[in-house]
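[1] pasting the structure only:
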């Protein structure tokens, strides 16, 4: 357990020290500042627009950070040969990967906290309220999504080169919403084979759109927060996919000659 | 090992490339096929876009962005629930409010006129739909029967995934009355929409319509500024002059409103097909707005200007549009008043 914590701490510290996370954060913060400073027809309290833009930027920036960070973890260890002294120690490969996973999730949390700070300040500046229960559920579901993206990033970086892993990870994240909508739409237009394929794909591809709670958070005055049962199912869903990718990583990692 | 890796990567890249090449096949059986980019387009807009240098570089992206924002406004109106597009955009730009296909709105432009004139200026609308929107409601229900993008449990093949999708996203059974929220929160999108595509006349129209809803001097002035910008980019749009006339009238600036209605009517007549025949390029709402502009030009001239001039222009307009019961009635009324 201690070794996992030590590795995750190293990943987190490295992420904090490196410039990428700040570059992404800074660009996003600039965007947020511009958005919050626009005066729309001298109307006060237009919260939905600000909330939506802030949540989207927050989510995208964190996802990009996580994809880049997770995809880089393993190739860099091999490239710099830092994996060898680590593996020479009594450290299990599962602990090594778990430490990396925890480290990236903590980095995502760090990223979120930076944005949350700006979001809260911005909301207070605009003069609106924060729907806390919705907002916290939104963050929680985003973290589950980041967990899937992290394990997927590890897996992709183990089976292809770094650039391809990052590119595919980003494409997968960006097209997540299109995928889920297009599957339901296409279903009515395809034959039996197509229907079977779409059903299989729906279940084997993690539907990241399920972790995007921004819609209800933006319109929180109309929709109640999610019930615990739904949150539990979503948590299990995220763990199933992350667990599967994690296991695949372990299998591939074990087969790698070190 | 390295050779194996590069082979595997090459095969994967080839697979992705083949998948990309095969992607058009996905759309072969889709319906409807005739996607038309650019909801904001009309003949003139297309012409301008094709001519401008900026359009050559950014035109399609700009208009697409603008359309995406238009769709966003529909989402906001339905509290985030995504319906398969069902809004009548012509109606939206004409009335500035939510009118769905098959639904007719009873808030007409003549409501701006003094009480005694309203009955004369009525549109010949089909008041056949039971569910209209109260102007001042913050949230109200509306029943249309449009399908949601996320299907109902009955129609969904995805089982638990579909169930989670319905729970996480704003969704409600399409058979139940739709939840409509106030349009004020939409205003930032109309602002961005018109910044993205300044030829999106509907964006200016609806934005101004919602601003008028505030019934406050500051927002009415903002609406005028907004419409002025729209007119600068779309000098031939009679609807923008008509809307500006409405707002100017709300500010009790009768003389300017009168001039704006005249300008709108003159532009409308120039655009209107000789017989006013409804077509793809001249819709039912174009015709209604044109008639509204003509009638309002006459009414405001009569009310705030000179009756004789009003009679002259009414006759001139009637000669051009051939027949209009309301205008004919007005002419008779003015003649009898004169006598």
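    Thanks, I have the structure now. Because the structure is predicted, anything quoted here is derived from the model rather than measured.
[2] the least confident helix or strand in chain A by mean pLDDT near chain B at all?
    Using mean pLDDT, DSSP states H and E, the weakest-scoring helix or strand in chain A turns out to be helix A:83-88, at a mean of 75. No - contact of helix A:83-88 with chain B (C-beta under 8 Å from any C-beta of the partner chain) is absent, the minimum separation being 15.0 Å. In short, each C-beta sits where N, CA and C put it, glycine included.
[3] how close does residue A:239 sit to chain B?
    Separation of residue A:239 from chain B (C-beta to the nearest C-beta, to the nearest Å): 14 Å.
[4] and that residue, what does it touch?
    Contact partners of residue A:239, counting by C-beta atoms under 8 Å, 6 or more residues apart in numbering or on different chains, are residue A:147.
[5] ok, now the one 10 residues further on?
    Residues touching residue A:249, when contacts are defined by C-beta under 8 Å, 6+ apart, comprise A:97, A:151, A:154-155, A:158.
[6] got a pLDDT number for it?
    If you check residue A:249, the pLDDT there is 92.
[7] secondary structure, distance to residue A:61 and pLDDT for the contacts of residue A:249 - can I get that in a markdown table?
    Converted to a markdown table, the contacts of residue A:249 look like this (DSSP: H, G, I helix; E, B strand; the rest coil; distance: C-beta to C-beta, whole Å; pLDDT from 0 to 100):
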| residue | secondary structure | distance to residue A:61 | pLDDT |
| --- | --- | --- | --- |
| A:97 | helix | 25 | 87 |
| A:151 | helix | 20 | 94 |
| A:154 | helix | 21 | 92 |
| A:155 | helix | 23 | 94 |
| A:158 | helix | 25 | 90 |
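[8] tell me what the least confident helix or strand of chain A is packed against?
    helix A:93-126 (3 or more C-beta pairs under 8 Å, 6 or more residues apart in numbering or on different chains; DSSP states H and E).
[9] quick one: list the elements packing against the helix it packs on.
    helix A:2-17, helix A:20-37, helix A:47-79, helix A:83-88, helix A:132-159, helix A:228-255.
[10] for the contacts of residue A:249, which one is nearest chain B?
    Nearest to chain B out of the contacts of residue A:249 is residue A:158 (C-beta to the nearest C-beta; 10.4 Å).
[11] the closest one is in contact with residue A:253, isn't it?
    Yes - with contacts counted by C-beta atoms under 8 Å, residue A:158 reaches residue A:253, the gap being 6.6 Å.
[12] and for the two, which residues touch both?
    Common neighbours of residue A:158 and residue A:253 (C-beta under 8 Å, 6+ apart) are residue A:74.
[13] most distant residue from the centre of chain A?
    When distances to the mean C-alpha position of chain A are computed (C-alpha atoms, centre = their mean), the maximum falls on residue A:42, with 35.9 Å.
[14] nearest residue to it in space, please, no chain neighbours.
    Leaving aside its chain neighbours, residue A:42 sits nearest to residue B:218 (5.2 Å; criterion: C-beta to C-beta, 6 or more residues apart in numbering or on different chains).
[15] other residues contacting the strand or helix carrying the one you found?
    In this structure, residue B:218 sits in helix B:217-233 according to DSSP states H and E. Residues from elsewhere that reach helix B:217-233 (C-beta under 8 Å, 6+ apart): A:41-43, B:191, B:194, B:198-199, B:201, B:204-205, B:207-208, B:211-212, B:214, B:237, B:240-241, B:243-244, B:247-248, B:250-251.
[16] repeat that for 7 Å
    A:41-43, B:194, B:198-199, B:201, B:204, B:207-208, B:211-212, B:240-241, B:243-244, B:247-248, B:250-251 (C-beta atoms under 7 Å, 6 or more residues apart in numbering or on different chains).
[17] which of those residues are buried? Put it as a ChimeraX command.
    Filtering these down to the buried ones (16 or more other C-beta atoms under 10 Å in any protein chain shown) takes a single ChimeraX command:
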select /A:41,43 /B:194,198,199,201,204,207,208,211,212,240,241,243,244,247,248,250
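[18] returning to what we had before: save the contacts of residue A:249 as JSON lines, and put in distance to residue B:185 too.
    As requested, the contacts of residue A:249 are exported to JSON lines (distance: C-beta to C-beta, whole Å):
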{"residue": "A:97", "distance to residue B:185": "45"}
{"residue": "A:151", "distance to residue B:185": "38"}
{"residue": "A:154", "distance to residue B:185": "41"}
{"residue": "A:155", "distance to residue B:185": "41"}
{"residue": "A:158", "distance to residue B:185": "46"}
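[19] need these in a markdown table with neighbour count, can you?
    A markdown table is the format used below for the contacts of residue A:249 (neighbours: other C-beta atoms under 10 Å in any protein chain shown):
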| residue | neighbour count |
| --- | --- |
| A:97 | 20 |
| A:151 | 26 |
| A:154 | 26 |
| A:155 | 23 |
| A:158 | 19 |
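[20] let me know the closest of the residues you listed to residue B:170.
    residue A:151 (29.0 Å; C-beta to C-beta).
[21] good, wrapping up.
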